[in-house]
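Colleague: no FASTA, just this:
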């Protein structure tokens with residue numbers, strides 16, 4: 001994804017997926033725009049309490065931004081908050097989950113793919129659910145987001161059967177390298193991967209295809225099982241992107257598993 005260097009200014013609707021302080025007063029934002037682009041922009045003076053762009057520079061905030069370009073660098077000229085998702089910041093589990101999935105979304109910054117609103121809508125729906133999520137649901141929300149992220153990239157893992165022989169089994173080994181479930185017969189002798197029961201593999205498939213807005217109506221597995229599913233999916237995407245999600249350890253560590 002790219003910044004349009006030919007434009008002097010433009011108005012975008014975007015979610016802040018990363019925000020860090022630069023110097024004493026400025027913030028550097030990573031914006032996921034409604035058209036699918038990921039843009040890095042400087043918000044001058046946004047750290048200041050009286051800054052008109054302070055609220056819109058907060059992490060996870062959805063706003064209308066007017067961006068002005070100088071060369072290949074974008075600057076926030078003005079902004080107006082649409083939705084702050086303030087409920088996420090009121091709970092450590094929600095906050096950590098939102099940080100985790102937002103960092104995962106940023107992995108697509110340089111992805112060679114068609115630009116549309118799929119990722120933007122997925123993140124927006126997920127943040128909306130997270131505002132009211134409890135401790136029992138945040139792991140499954142994270143797993144679902146990551147699976148759908150894999151789907152957007154066209155690398156959705158296989159959960160129906162063994163990716164090697166095509167046969168079903170009562171349990172599988174989940175392999176990031178092989179792209180899904182591997183039966184006990186086909187699993188390489190040296191493979192050290194998580195073991196998934198058949199019903200756990202089916203649950204992952206359900207999460208991959210369900211409308212994420214329906215997640216609150218699901219029954220959730222035990223916390224230890226949810227954590228295992230999260231580890232599988234996180235490892236799978238880390239393998240694909242050759243990049244570690246730095247927010248994962250803190251997120252999963254909250255559950256003391």
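Modeller: That came through, no problem. Just so we're clear, the structure is a prediction, and the values are computed from it rather than from any experiment.

Colleague: does anything pack onto the strand ranked longest in the chain? Which helices or strands?
Modeller: In the chain, assigned by DSSP state E, the strand with the most residues is strand 9-22. On a contact count with 3 or more Cβ pairs under 8 Å, 6 or more residues apart in numbering; DSSP states H and E, strand 9-22 meets strand 26-33, strand 38-43, strand 62-70, helix 92-106, helix 118-130. Yep, even glycine has a C-beta here, placed from its N, CA and C like the rest.

Colleague: residues in contact with the second one: which ones?
Modeller: Looking back up the chat, that one is strand 38-43. Residues outside strand 38-43 that contact it (Cβ atoms under 8 Å, 6 or more residues apart in numbering): 1, 3, 12, 14, 17, 22, 26-33, 51, 53, 56-57, 65, 67, 73-76, 79, 106, 108-109.

Colleague: now the residues you listed: which count as buried?
Modeller: Neighbour counting with 16 or more other Cβ atoms under 10 Å marks 1, 3, 12, 14, 17, 26-33, 51, 53, 56-57, 65, 67, 74, 76, 79, 106, 108-109 as buried within the contacts of strand 38-43.

Colleague: can you tell me which of the helices and strands packed on strand 9-22 comes nearest to residue 225?
Modeller: Residue 225 lies closest to helix 92-106 among these, at 17.1 Å (Cβ to Cβ).

Colleague: show me what counts as buried in that closest one.
Modeller: By 16+ other Cβ under 10 Å, the buried positions in helix 92-106 come out as 93-106.

Colleague: please apply the same query to stretch 8-17.
Modeller: Buried residues in stretch 8-17, counted by 16+ other Cβ under 10 Å: 12-17.

Colleague: hang on, the earlier thing: I'd like the helices and strands packed on strand 9-22 laid out as a markdown table, including distance to residue 184 and mean pLDDT.
Modeller: Output for the helices and strands packed on strand 9-22, formatted as a markdown table (distance: least, Cβ to Cβ, whole Å; pLDDT from 0 to 100):
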| stretch | distance to residue 184 | mean pLDDT |
| --- | --- | --- |
| strand 26-33 | 41 | 95 |
| strand 38-43 | 41 | 95 |
| strand 62-70 | 46 | 96 |
| helix 92-106 | 31 | 96 |
| helix 118-130 | 34 | 96 |
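
Colleague: what pairs with the longest strand of the chain, and is each one parallel or antiparallel?
Modeller: Each strand that pairs with strand 9-22, with its direction, by DSSP bridges: strand 26-33 (antiparallel), strand 62-70 (antiparallel).

Colleague: report the angle between the last one and helix 118-130.
Modeller: Meaning strand 62-70. Here strand 62-70 runs at an angle of 140 degrees relative to helix 118-130 (axes from the mean of the first three to the mean of the last three Cα atoms, to 10 degrees).

Colleague: and strand 62-70, how far from the chain's centre?
Modeller: How far strand 62-70 lies from its chain's middle: 22 Å, per Cα atoms, centre = their mean, to the nearest Å.
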